[in-house]
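Undergrad: Following is a predicted model, sequence given first.
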Amino acid sequence: MARTLSKLSDASAKAAKKPGRYSDGGGLYLNVSPSGAKSWVFMWVKDGKRREMGMGSYPLVTLAKARQKANEHRLAVQEGRDPIAEKSKEAEPTFGECADRYIESIRSEWRNAKHEYQWKQTLGDTYCKSIRTKRVSQVTNDDVLKVLSPVWQAKSETASRLRGRMERVLEFAKVKGWRSGENPAAWRGNLRNLLPKRQKLQRGHQPAMPYKDVPGFMAKLRKAEGMSARALEFTILTVARSGETLGARWTEIDFPHKLWKVPAERMKAGEAHTVPLSAAAIALLETLKENRTGDYVFPGLPRPGNKKDAKHGRPLSNMSMMMMLRRMKLGELSVHGFRSSFRDWCGDATSFPREVAEAALAHKVGNEVERAYRRSDALEKRRKLMQAWADYLAAAKAGNVLKFDEARTRA
């Protein structure tokens, strides 16, 4: 006798409130959880054992769609196939889709949103437009060479990172079963024999402004309007990394003690860091606090219709400060480079101990003496340094740096 099908109706599915499973027949059930959430489940018996698989939430998956899926699964069971195994076998994506999935799978490894932007930018249309729509199994050595050749000599470091990221995406595709054979983006035994020797990669600091020019730049920056300008000003005053500034919340600012307490999850070294705030940094924060709109010190525009953004706000874009430099026609410099400017100033123009400067930069240095300077017993030494840096940055008059009282720099 044939099993009865289509027992449920749209009205009964919508009205179901009591936790439990409501049968539509043929192994299809509407599951109502204790919380009231509803989802579809398909159940069948194989080798005397009951098996089940989810088919999505209701009403996102309609009753009609659930029945259509259930029919396909029933046919698979009748033919001896496994619906769960077939569901897990994903269709082969394009290179672009594969790259996006790989980025999503590893994004939790990154502490800074800038890393995600860089991966998406290099694997996106900027460099990989010619292969993003191609099936990932069809990407060849010629395709990889077409992407790399234009930048191999002109942008050596970018080309190196691009090749490495392409190699990892294609390796990901192989593990997922979408490719087989050799990796066309591999270096050894492959591209090493096809591409000319690159110029030596530049290592060390990112492009930085000479510290003697920073006070003049700060004078211009303070005249600029907008949250990006204020975020960059604060970043330079505190010698913080971009991600630390952009993620700053008002709860981290201790106004009575003039401190900024950055939690470990936003620090590169994975350790909480306390920043003594100079008078200029406090004044900047006081001004921003008057117009506070959410949890973030440097808020960006909320996404339309996003309730979370409307309630808590959202931080500035990770590219906001870099774009500020470009608008000021300083695009060849990096935000991170101002940390190098600070470090050079400390070494060349002040008498502060090296350990204090390294601690101010939150560098994880090797010996116990230097690590001690990150603890509270050295906070006042760092406070003097940050105030001296702020005073130096304010010492710009008519584009020239005023004479700085070296006595104030002594620890």
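TA: In hand now; what should we look at? Here the structure is a predicted model, which is why all the values come from computation and not from measurement.

Undergrad: part of a strand, is residue 51?
TA: Yes. The assignment for residue 51 by DSSP: H, G, I helix; E, B strand; the rest coil puts it in a strand.

Undergrad: Now it: closest residue in space that isn't a chain neighbour?
TA: residue 44 (5.9 Å; Cβ to Cβ, 6 or more residues apart in numbering). Every C-beta, even on glycine, is put in place using the N, C-alpha and C of the backbone.

Undergrad: Likewise for residue 301?
TA: residue 314 (7.7 Å).

Undergrad: I'd guessed the one you found sits against residue 294; true?
TA: Yes. Contact criterion Cβ atoms under 8 Å: residue 314 and residue 294 qualify, at 7.4 Å.

Undergrad: can you list residues touching both of those two?
TA: Counting by Cβ atoms under 8 Å, 6 or more residues apart in numbering, residue 314 and residue 294 have no contacts in common.

Undergrad: which element is the residue nearest to residue 51 on?
TA: strand 38-46 (DSSP states H and E).

Undergrad: Direction included, what does that strand pair up with?
TA: Paired strands of strand 38-46, with direction, are strand 28-32 (antiparallel), strand 49-58 (antiparallel) (DSSP bridges).

Undergrad: Out of those, which is the most enclosed?
TA: A comparison of those by mean neighbour count, using mean count of other Cβ atoms under 10 Å, puts strand 28-32 on top with a mean of 21.

Undergrad: How far does that one sit from its chain's centre?
TA: 38 Å (Cα atoms, centre = their mean, to the nearest Å).

Undergrad: Quick check: phi and psi at residue 262.
TA: Residue 262 has phi and psi values of phi -90, psi 120 when expressed as degrees, to the nearest 10.

Undergrad: again with residue 239
TA: phi 50, psi 40.

Undergrad: measure it to residue 209 for me?
TA: 13 Å (Cβ to Cβ, to the nearest Å).

Undergrad: Tell me the residues that contact both of the two, please.
TA: Common contact partners of residue 239 and residue 209 (Cβ under 8 Å, 6+ apart): residue 338.

Undergrad: Report the secondary structure element holding the nearest residue in space to residue 242 that is not next to it in sequence.
TA: Spatial nearest neighbour of residue 242, chain neighbours left out: residue 335 (5.2 Å); criterion: Cβ to Cβ, 6+ apart. For residue 335, there is no host helix or strand (DSSP H and E).

Undergrad: number of nearby residues for residue 335?
TA: 22 (other Cβ atoms under 10 Å).
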